[in-house]
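> Have a look; sequence and predicted model below, questions after that.
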Amino acid sequence: MLPDKNDPAKDSFDLFSSPFYLIAHAEFKYHEDLDKAILKFDLDRATYRILTVLMQKSPINIKELAHLSLLKRSTVSRALTRMGREGWVETFLNADDNRITDVYLTPGGKALSAEVMKLASRQLQRAVAGLEAADLDELTRILKRLIGNLSKLSIE
């Protein structure tokens, strides 16, 4: 049963204890400092997100890259143009379907990503200070369940 304090339709709703408010607040605080730190690499948040996905999955097509980086396809395309000029990525038409463009992280992009991930690691360490591994595992499990629930049917 959902507690009334978490239900926006109830008089006793408490925004500042609402799980989704707290998730948004944590995400904002996490990226507030990280955004400033990655500027020394001349990166913005969109490029950072793309790099993190490419570190996990390269090659990847642009549609999937946009989905996994939580960005609009047009934003990803603009960022990839710049990243290509910088020598961080290369794009090629997919060998099986030339309507699909695959993105590869170059050695230069991998080196940049490794440096940027050192900053991200420091930020993560700050964020989870005092949490036990089991707490972090439980948080991850709960967030995955929330995402799964929200990925089903829309409210309308």
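Arrived safely, thanks for sending.
> Who are the packing partners of the helix or strand where residue 145 lies?
Using DSSP states H and E, residue 145 maps to helix 133-150. The contact analysis (3 or more CB pairs under 8 Å, 6 or more residues apart in numbering; DSSP states H and E) places helix 133-150 against no helix or strand. Heads up, the C-betas are built off the backbone N, CA and C, glycines and all.
> what's the model's confidence in it, averaged?
Mean pLDDT, helix 133-150: 95.
> Tell me who's in contact with residue 59.
92, 102-104 (CB atoms under 8 Å, 6 or more residues apart in numbering).
> Which single one of the residues you listed is nearest to residue 2?
Ranked by distance to residue 2 (CB to CB), the contacts of residue 59 are led by residue 103 at 41.2 Å.
> what about dumping the CA coordinates of the helix holding residue 145 to CSV?
Presented in CSV, the C-alpha positions along helix 133-150 are these (Å, rounded to 0.1, in the frame of the first residue of the first chain):
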residue,chain,number,x,y,z
ALA,A,133,27.5,-2.4,-0.6
ALA,A,134,24.2,-4.1,0.3
ASP,A,135,22.5,-0.7,0.5
LEU,A,136,23.7,0.2,-2.9
ASP,A,137,22.7,-3.1,-4.4
GLU,A,138,19.2,-2.7,-2.9
LEU,A,139,18.9,0.9,-4.2
THR,A,140,19.9,-0.4,-7.7
ARG,A,141,17.4,-3.2,-7.5
ILE,A,142,14.6,-0.8,-6.5
LEU,A,143,15.5,1.7,-9.2
LYS,A,144,15.5,-1.0,-11.9
ARG,A,145,12.1,-2.1,-10.7
LEU,A,146,10.8,1.4,-10.9
ILE,A,147,12.2,1.8,-14.4
GLY,A,148,10.6,-1.5,-15.4
ASN,A,149,7.2,-0.4,-14.0
LEU,A,150,7.4,2.9,-15.8
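> What residue, apart from its backbone neighbours, is nearest residue 31 spatially?
Leaving aside its sequence neighbours, residue 31 sits nearest to residue 45 (CB to CB, 6 or more residues apart in numbering; 6.3 Å).
> what do you get for residue 61?
According to CB to CB, 6+ apart, the nearest residue to residue 61 is residue 100 (4.9 Å).
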